[in-house]
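Novice: Provided below for reference: sequence and predicted model.
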Amino acid sequence: MKTTDTNSRRNFMKFLGASSLFAITPSIAGGATTTIIPHIVVVGGGFSGATCAKYLKMWGGSSVKVTIIEANTTYVSPILSNLVLNGQKTTSDLSFTYVNLNRKYNINMIHSTVNSVDKTNKTLTLENGSSVQYDKLVLAGGIDFIKVSDYDITKVPHAWKAGEQTNLLKAQIDAMVDGETFTMTIPAAPYRCPPGPYERACVVADYLKNAKGFANCTVTVLDANANITVEADTFGAKFTQYGIVYKPSTTVTAVNDSSKVLTYTEGGASKTLNSTVLNVIPNQKAAPIVFTAGVNSGNWAPINPLSYESTVMSGIYIIGDSQGTGQPKAGHIGNSEAKVCADAILRTLNGADLYTSPKTNSACYSPTSRTEASWLTAVYEYDSNSKSMVIVGGRPTAGPSTTSDYRKMFLWSENLFSDTFA
């Protein structure tokens, strides 16, 4: 399945012409005309941010200067990261650098974090002490967590940002012996990767039961939602097959990282649960940079789906997990949103109208064992009446998991990785 989509707008770019994609400001300085190249700064180098930067340069060429500000020199993909837990992948397999983006597309990389945003003067102050000016600012910082208490995430890992956290959780699972218990919690929607927690429960249960041969381990899932939020039939069947204990409509109220005791409410009653391995995935909100820039409304960032420009502050765009459109929060659709945003920024810089019918695609393969996966996809299109993105096609209801889809999962992911980082 190709990740490039109808939002590439080839006809628009051919019509406009790469050579015309620049802003010229004449100034009298020794009789010379000075060309000012717009500087677009992208904060965050995940699937959304890296894709946006890449396509700004692919479509805009030398007419735009693009900088990515990203704290890490290597990005670890959350996509396929649940397969690290059962030993089928390593975090090294899922790690990507920014070398290609820098060398092939001349994208400037700054490895730091943003401390403050001066929206009046369009200046970012960085943790490393430097400052960066921008003409357009794209925020692609992903998610942040809303923890119920100040517990130690090295003892109770969430593993919802891939990398060190994933390896911590894997080590804890690998240390389990037969008869011990694994408990995970699922946050209230919206959260990053809707099928992800359910696929993790399946992957862990399959690993303990079938790979390690443990007949007496218990896997329990406490879900803040009233039911399985996506692929309910598929995951429900697998939960039954693996004997997973599933408790919907539960709310985590406290986490004890030393005793691994979880306190939660169910049906209005407060309960506790002791586990060998406790995997708490907290409720989520937009990335800190969204709040630093002051472009949030509640926990998320409202935007115009035609461009992903903030409805709070013009000239700032929010893509990926932090956006508040109602579209899923996941890597594939973040990649898709990034192309809409890149196209819109280039149009705006050239005084052209925004494309009025943008489409995005959310596709996801979910492993349910070491040999099977399910998949679904939904195509979203802008609806001018509701001014929102609505589902107009795809396969929004997944079928049963199969070995065929398991094989296709790696083709899909490799294409997405390449489209983003190669």
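Specialist: It's in.
Novice: pop the domain breakdown of this structure in here.
Specialist: What automatic domain parsing lists as the domains of the chain is 6-142+287-354, 150-283.
Novice: mind putting those into JSON lines with mean neighbour count, mean pLDDT and distance to Arg395?
Specialist: All C-beta spots, glycine's among them, are computed from the backbone N, C-alpha and C. What follows is those, written out as JSON lines (neighbours: other CB atoms under 10 Å; pLDDT from 0 to 100; distance: least, CB to CB, whole Å):
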{"stretch": "domain 6-142+287-354", "mean neighbour count": "19", "mean pLDDT": "89", "distance to Arg395": "13"}
{"stretch": "domain 150-283", "mean neighbour count": "18", "mean pLDDT": "98", "distance to Arg395": "11"}
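Novice: contact partners for Val64?
Specialist: 21-22, 37-40, 56-57, 346, 349 (CB atoms under 8 Å, 6 or more residues apart in numbering).
Novice: is it possible to get JSON lines of those that adds secondary structure?
Specialist: Output for the contacts of Val64, formatted as JSON lines (DSSP: H, G, I helix; E, B strand; the rest coil):
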{"residue": "Leu21", "secondary structure": "coil"}
{"residue": "Phe22", "secondary structure": "coil"}
{"residue": "Ile37", "secondary structure": "coil"}
{"residue": "Pro38", "secondary structure": "coil"}
{"residue": "His39", "secondary structure": "strand"}
{"residue": "Ile40", "secondary structure": "strand"}
{"residue": "Leu56", "secondary structure": "helix"}
{"residue": "Lys57", "secondary structure": "helix"}
{"residue": "Leu346", "secondary structure": "helix"}
{"residue": "Leu349", "secondary structure": "helix"}
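Novice: out of the domains of the chain, which gets nearest to Tyr406?
Specialist: domain 6-142+287-354 (10.2 Å; CB to CB).
Novice: right, and Thr220 touches Ser275 too?
Specialist: Yes. Judged on CB atoms under 8 Å, Thr220 makes contact with Ser275 at a distance of 7.4 Å.
Novice: contacting residues around Tyr151?
Specialist: 255-257, 280.
Novice: cutoff 6 Å now
Specialist: By CB atoms under 6 Å, 6 or more residues apart in numbering, the contact set of Tyr151 is 255, 257.
Novice: what of the one 4 residues further on?
Specialist: Applying CB under 6 Å, 6+ apart, we find Lys155 in contact with Asp257.
Novice: how far away is it from Val280?
Specialist: Note on Lys155: its distance to Val280, by CB to CB, to the nearest Å, is 10 Å.
Novice: and Ser130, by the same measure?
Specialist: 36 Å.
Novice: dump the contacts of Val64 into TSV; add distance to Pro288 as well.
Specialist: As requested, the contacts of Val64 are exported to TSV (distance: CB to CB, whole Å):
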residue	distance to Pro288
Leu21	32
Phe22	33
Ile37	29
Pro38	26
His39	23
Ile40	21
Leu56	24
Lys57	27
Leu346	28
Leu349	28
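Novice: name the nearest of these relative to Leu139.
Specialist: Nearest to Leu139 out of these is Ile40 (CB to CB; 11.9 Å).
Novice: CSV for the domains of the chain, including distance to Ala378?
Specialist: CSV is the format used below for those (distance: least, CB to CB, whole Å):
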stretch, distance to Ala378
domain 6-142+287-354, 8
domain 150-283, 10
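Novice: which residues in the stretch 1-150 of the chain form strands?
Specialist: 39-43, 65-69, 74-76, 95-97, 108-110, 114-118, 123-126, 131-133, 136-139, 143-146 (DSSP state E, counting those that start in this stretch).
Novice: adding distance to Glu231, write those out as a markdown table.
Specialist: What follows is the strands of the stretch 1-150 of the chain, written out as a markdown table (distance: least, CB to CB, whole Å):
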| stretch | distance to Glu231 |
| --- | --- |
| strand 39-43 | 32 |
| strand 65-69 | 33 |
| strand 74-76 | 25 |
| strand 95-97 | 27 |
| strand 108-110 | 37 |
| strand 114-118 | 36 |
| strand 123-126 | 40 |
| strand 131-133 | 42 |
| strand 136-139 | 30 |
| strand 143-146 | 21 |
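Novice: skip ahead from the longest strand seen in the chain and say which helix or strand is next.
Specialist: Ranked by residue count, the top strand of the chain under DSSP state E comes out as strand 373-383. Next along the chain after strand 373-383, taking DSSP states H and E as the criterion, comes strand 388-395.
Novice: which residues touch that following strand?
Specialist: 305, 325, 327, 376-383.
Novice: out of the residues you listed, which comes closest to Pro358?
Specialist: Tyr382 (5.2 Å).
Novice: what does the model give the closest one for pLDDT?
Specialist: For Tyr382, the pLDDT comes out at 98.
Novice: do Thr397 as well
Specialist: Looking at Thr397, its pLDDT is 79.
Novice: once you drop chain neighbours, what's closest to it?
Specialist: Distance criterion CB to CB, 6 or more residues apart in numbering; nearest residue to Thr397, sequence neighbours excluded, is Leu376 at 6.7 Å.
Novice: that neighbour: how many residues sit nearby?
Specialist: Per other CB atoms under 10 Å, the neighbour tally for Leu376 reads 20.
Novice: hang on, it packs against Ser401?
Specialist: No. Using CB atoms under 6 Å, Leu376 makes no contact with Ser401, being 11.2 Å away.
Novice: is Trp300 bridged to anything, and to what?
Specialist: Beta bridges link Trp300 to Ser297 when assigned by DSSP bridges.
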